[in-house]
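**Q** next comes the sequence, and after it the predicted model I'd like to discuss.
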Amino acid sequence: MHAGPRRPILGGNLIGGESVQRQPWSQSRFAGIFGSAEGGRRYTEQHAAWARKAGAVFAWRLRELERSPRRMLDVGSGSGDMAVVLAAEFPDARITGLDLSEHMVAIARERVAAAGLSERVSFTQGDAARLPFEDGAFDTVVSQDTLHLLDDPLPMLTECWRVLAPDGALVLRSVRRSWLGLLDPIFRTGYSAQELIGLAERAGLKGARVIGSLMYLMLEWTGGA
């Protein structure tokens, strides 16, 4: 039996982020934290446990959507800890992680090797706006905390749609812009639910939905229904 996070994570009011002006990630104090090997390792040390919890959230959500991934893409795979959890949760899945930072890709490869999962989990350096994969290459596309790093997430969403199989599932989770940005600037870099729905529709993800909480939003699309 797989224990998932409590359902109230999906119960937040989705209205309210519009009143807080978005601060582009590139102009925030967080910009550049993945730009060096030292920064990447420091980030990994601080966020590894959190990344594993995120993996559990995605595994639970994919089961709620009645999905059994075989070919999964993790966009913005970071330290690889989330991919390790997903590989353990879905033993028939082959997972490809993509990250813009060469330092994070190196770290992810080390951590997956240490977990004994290198045969099923691989990582490549690349740009989410120009995914180096064929159309329909994956039955599942996931991403944790990548959308809010992008001042224009439309190219990433369009590419995710392109590489996703027609009957596939897309689940993207990222920081939500809200009044919490008055307390912690990270929450000024996100997007509102209405903005994400608009972006998803422009990317071709017709019928996409957003669920969320005060801190996070999860954008979902499923095909084959």
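**A** Structure received.
**Q** over to the residue most central in space within the chain. Which of the three states is it?
**A** By C-alpha atoms, centre = their mean, the chain has its centre lying nearest to S143, at 1.7 Å. Secondary structure assignment for S143 (DSSP: H, G, I helix; E, B strand; the rest coil): strand.
**Q** who are the contact partners of it?
**A** 74-76, 128, 160, 171-174 (C-beta atoms under 8 Å, 6 or more residues apart in numbering). C-betas here are computed from N, CA, C, even on glycine.
**Q** for beta bridges, what are the partners of it?
**A** As for beta bridges, S143 partners with L172 under DSSP bridges.
**Q** just to revisit the earlier point, adding distance to L214 and neighbour count, write the contacts of S143 out as a markdown table.
**A** Output for these, formatted as a markdown table (distance: C-beta to C-beta, whole Å; neighbours: other C-beta atoms under 10 Å):
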| residue | distance to L214 | neighbour count |
| --- | --- | --- |
| D74 | 25 | 27 |
| V75 | 24 | 25 |
| G76 | 22 | 24 |
| A128 | 26 | 21 |
| C160 | 25 | 27 |
| V171 | 19 | 21 |
| L172 | 18 | 28 |
| R173 | 14 | 22 |
| S174 | 14 | 24 |
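**Q** nearest to S68 among those residues?
**A** V171 (13.9 Å; C-beta to C-beta).
**Q** residues in contact with the closest one?
**A** Counting by C-beta under 8 Å, 6+ apart, V171 makes contact with 58, 61-62, 65, 140-143, 218-220.
**Q** cool, G168 as well?
**A** Counting by C-beta under 8 Å, 6+ apart, G168 makes contact with 136, 138-141, 222-224.
**Q** now do S122
**A** Going by C-beta under 8 Å, 6+ apart, S122 touches 95-97, 112.
**Q** kindly recompute the last result at 7 Å.
**A** By C-beta atoms under 7 Å, 6 or more residues apart in numbering, the contact list for S122 reads T96.
**Q** still on that earlier bit, which of the contacts of V171 fall in strands?
**A** Applying DSSP state E to the contacts of V171, the entries found in strands are 140-143, 218-220.
**Q** who wins for neighbours among these?
**A** Greatest neighbour count in the ones in strands among the contacts of V171, by other C-beta atoms under 10 Å, goes to V142: 30 neighbours.
**Q** what's the pLDDT at it?
**A** Per-residue pLDDT puts V142 at 98.
**Q** the nearest residue to A129 once chain neighbours are set aside: which element?
**A** Spatially, and ignoring its direct neighbours in sequence, A129 is nearest to P155 (3.7 Å; C-beta to C-beta, 6 or more residues apart in numbering). Using DSSP states H and E, P155 sits in helix 154-163.
**Q** over to E195?
**A** Using DSSP H and E, E195 maps to helix 193-203.
**Q** helices and strands around the helix or strand that that helix is followed by, which ones?
**A** For helix 193-203, the following helix or strand on the C-terminal side (DSSP H and E) is strand 209-212. Secondary-structure packing of strand 209-212 (3 or more C-beta pairs under 7 Å, 6 or more residues apart in numbering; DSSP states H and E): helix 193-203, strand 216-222.
**Q** buried ones in stretch 106-116?
**A** 106-109, 111-112, 115 (16 or more other C-beta atoms under 10 Å).
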